[in-house]
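Student: Build me a model:
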Amino acid sequence: MKGHTDGQGACESRKHAHNCSAGRTPPLYLRPGQTLVSQVEGIGQLTQTFTEKG
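Tutor: Presented below is the predicted three-dimensional model:
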């Protein structure tokens, strides 16, 4: 699987993380209030919630 989005901005990639948003026009960026969950099998999960700059 190269990459998968669920329409809510979630991305799942087994081999090539850059393919999740490659070629989007306009580019998709994380916004305040959105959460990024990164998971590495056998290691664990990291959850980051983005806030306003400041």
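Student: Read off the pLDDT value for Lys2.
Tutor: In this model, Lys2 is scored at 38, pLDDT.
Student: do Leu30 as well
Tutor: For Leu30, the model assigns a pLDDT of 87.
Student: if I look at it, how far off is Gly42?
Tutor: Between Leu30 and Gly42 the computed distance is 26 Å (CB to CB, to the nearest Å). In this view, the C-beta of every residue, glycine as well, is placed from N, C-alpha and C.
Student: Equivalent analysis for Glu52, please.
Tutor: Glu52 sits 35 Å away from Gly42, taking CB to CB as the criterion.
Student: Please say which of these two ends up with more neighbours.
Tutor: For Glu52 versus Gly42, neighbours defined as other CB atoms under 10 Å are more numerous around Glu52 (7 against 4).
Student: nearest residue to the more buried one other than its sequence neighbours?
Tutor: Spatial nearest neighbour of Glu52, chain neighbours left out: Pro32 (4.8 Å); criterion: CB to CB, 6 or more residues apart in numbering.
Student: ok so the one you found is a strand residue?
Tutor: No. Counting by DSSP: H, G, I helix; E, B strand; the rest coil, Pro32 falls outside a strand, being coil.
Student: Just list the residues touching it, thanks.
Tutor: 50-52 (CB atoms under 8 Å, 6 or more residues apart in numbering).
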